[in-house]
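Chemist: Turn this into a structure:
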Amino acid sequence: MARWAGRYATAGELADTVAAQWTGIGANRYVVLTGGEPLLQVDKALVDALHARGFEIGIETNGTIEPPEGMDWICVSPKAGADLVIRRGHELKLVYPQADAAPEAFVDLAFERFSLQPMDGPDVIENTARTIDYCLRHPRWRLSLQTHKTLGIR
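Modeler: Model prediction:
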């Protein structure tokens, strides 16, 4: 039984549910698999089923599990102390600051884009200022903000 199977009997049934939620016009169908560690649940059958329904697929992962073939966008957000298995992809998004996860430790990886996101919490204002400063001093890194939090959308 596939790891995603819980409420759904087949990958196609899950992909049909995703497609039924799509309210946009048929073109540019895009789904992002995220939340917890999505690669604990995503397999090649689901990737194929989503592609068959016209979706491009992005994933936001901590990078500790190899993804199935066919992902259209891979964003890795490493956590301090975790063994990074995915060392190439489209985007590396690092929460900053993290003890034992300095941006310098990741710049030699094969990602197209490097994003730095301020750590949320009671020090978010200070962390945002530190992140902006770091990005200005290291132009390879781009600022990434969780706009939904700024707008109060949870």
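Chemist: Which single helix of the chain contains the most residues?
Modeler: Looking across the chain with DSSP state H, the single longest helix is helix 124-137.
Chemist: And it, what's buried?
Modeler: Across helix 124-137, burial judged by 16 or more other CB atoms under 10 Å covers 127-128, 130-131, 134-135. Heads up, the C-betas are built off the backbone N, CA and C, glycines and all.
Chemist: dump the residue contacts of Asn127.
Modeler: Shown in contact with Asn127 (CB atoms under 8 Å, 6 or more residues apart in numbering): 96-97, 118-121.
Chemist: out of those, which are buried?
Modeler: 96-97, 118-119.
Chemist: tell me which of those is nearest to Met71?
Modeler: Tyr96 (24.9 Å; CB to CB).
Chemist: Just to check, the closest one is in contact with Asp120?
Modeler: No. At 11.1 Å, Tyr96 and Asp120 do not qualify as touching, with contact defined as CB atoms under 8 Å.
Chemist: Between the buried residues of helix 124-137, which sits nearest Arg113?
Modeler: Comparing the buried residues of helix 124-137 against Arg113 with CB to CB picks out Cys135 as the nearest, at 12.5 Å.
Chemist: Show me where the protein has its strands.
Modeler: 29-33, 55-61, 73-76, 88-96, 110-118, 141-143 (DSSP state E).
Chemist: just the angle between the fifth one and strand 88-96, please?
Modeler: Put plainly, it is strand 110-118. 20 degrees (axes from the mean of the first three to the mean of the last three CA atoms, to 10 degrees).
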